[in-house]
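Colleague: dropping the sequence and predicted coords here.
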Amino acid sequence: MKIGRITSVALLACACAAVYWLPSNAAPMPVTGEYEFVADTTRVVGISRSPFLLVGTLNAQGDFIQEHKLEGLLSRSGMPAFTMINSVGMEPRKVYEYRSGRLIRGELSAKYGAFVPEVGAAVIKFEDYRYGRDLPIWNLPGSFKKIEKPTDAKDAKK
């Protein structure tokens, strides 16, 4: 069965929107406890750049390192599993962009998923970021892990 280019791009857009769409006015997920950043520059991620899907990794500075370029849904054979990081849906999504230890406030455009910096917004240090309380970081080269506290006095001494 042959599917045209426009159809495959439309299917890709619908699939991404259905799975990854978060409205821009959605409240952040409630987070309790303390979290620490764990770097991971081996995580495979996908970025939508219509009509292409770019697949690669993020380096320690937050730059995307492209390894594959796909057009449509039909050419995914043999591709590694990846996490889409810039799909937004119907409305722009407010986010931070990570750049060499700094966070730039802006939004991911709804149409293309491109980051657009907010004019006049203060750039903050990554160390000042509060996971779960601040905006998400769309190109974070890693993840946040909950810091487990000892449950009793015996565990505290270990």
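Modeller: Looks like it arrived, so ask away. Residues are numbered from 1 along each chain as shown.

Colleague: from here on, contacts and neighbour counts on C-alpha atoms
Modeller: Noted.

Colleague: right, and residue 103 touches residue 97 too?
Modeller: Yes: counting by Cα atoms under 8 Å, residue 103 touches residue 97, with 5.5 Å between them.

Colleague: quick one, which of these two is more surrounded?
Modeller: Shown here are residue 103 and residue 97; by other Cα atoms under 10 Å, residue 97 has more neighbours (24 against 21).

Colleague: quickly note the distance from the more buried one to residue 80.
Modeller: Distance, residue 97 to residue 80, by Cα to Cα, to the nearest Å: 25 Å.

Colleague: poorly predicted segments of the chain, please.
Modeller: The model of the chain has pLDDT under 70 over residues 1-31, 72-77, 88, 152-158.

Colleague: distance check, the nearest residue to residue 64 once chain neighbours are set aside against residue 99.
Modeller: Excluding the flanking residues, the one nearest residue 64 by Cα to Cα, 6 or more residues apart in numbering is residue 58, at 4.6 Å. Taking Cα to Cα as the measure, residue 58 falls 11 Å from residue 99.

Colleague: cool, and residue 110?
Modeller: Distance of residue 110 to residue 99, computed by Cα to Cα: 22 Å.

Colleague: I figured residue 52 was touching residue 71, is that so?
Modeller: Yes: judged on Cα under 8 Å, residue 52 makes contact with residue 71 at a distance of 4.7 Å.

Colleague: OK, contacts around residue 33?
Modeller: 146-147 (Cα atoms under 8 Å, 6 or more residues apart in numbering).

Colleague: that one: what secondary structure?
Modeller: Following DSSP: H, G, I helix; E, B strand; the rest coil, residue 33 is assigned to coil.

Colleague: now it: how far from residue 133?
Modeller: 11 Å.

Colleague: go on, residue 146?
Modeller: Distance of residue 146 to residue 133, given as Cα to Cα: 14 Å.

Colleague: from the chain's centroid, how far away is stretch 136-154?
Modeller: Taking Cα atoms, centre = their mean, to the nearest Å, the mean C-alpha location of stretch 136-154 is offset from the chain mean by 17 Å.

Colleague: list of residues touching it?
Modeller: 33-41, 43, 58-63, 85-86, 94-98, 131, 156.

Colleague: list the contacts for residue 96?
Modeller: With the criterion set at Cα under 8 Å, 6+ apart, residue 96 makes contact with 103-107, 135-138.

Colleague: repeat the analysis, applying 10 Å as the threshold.
Modeller: Counting by Cα atoms under 10 Å, 6 or more residues apart in numbering, residue 96 touches 102-108, 115-118, 123-124, 129, 134-140.
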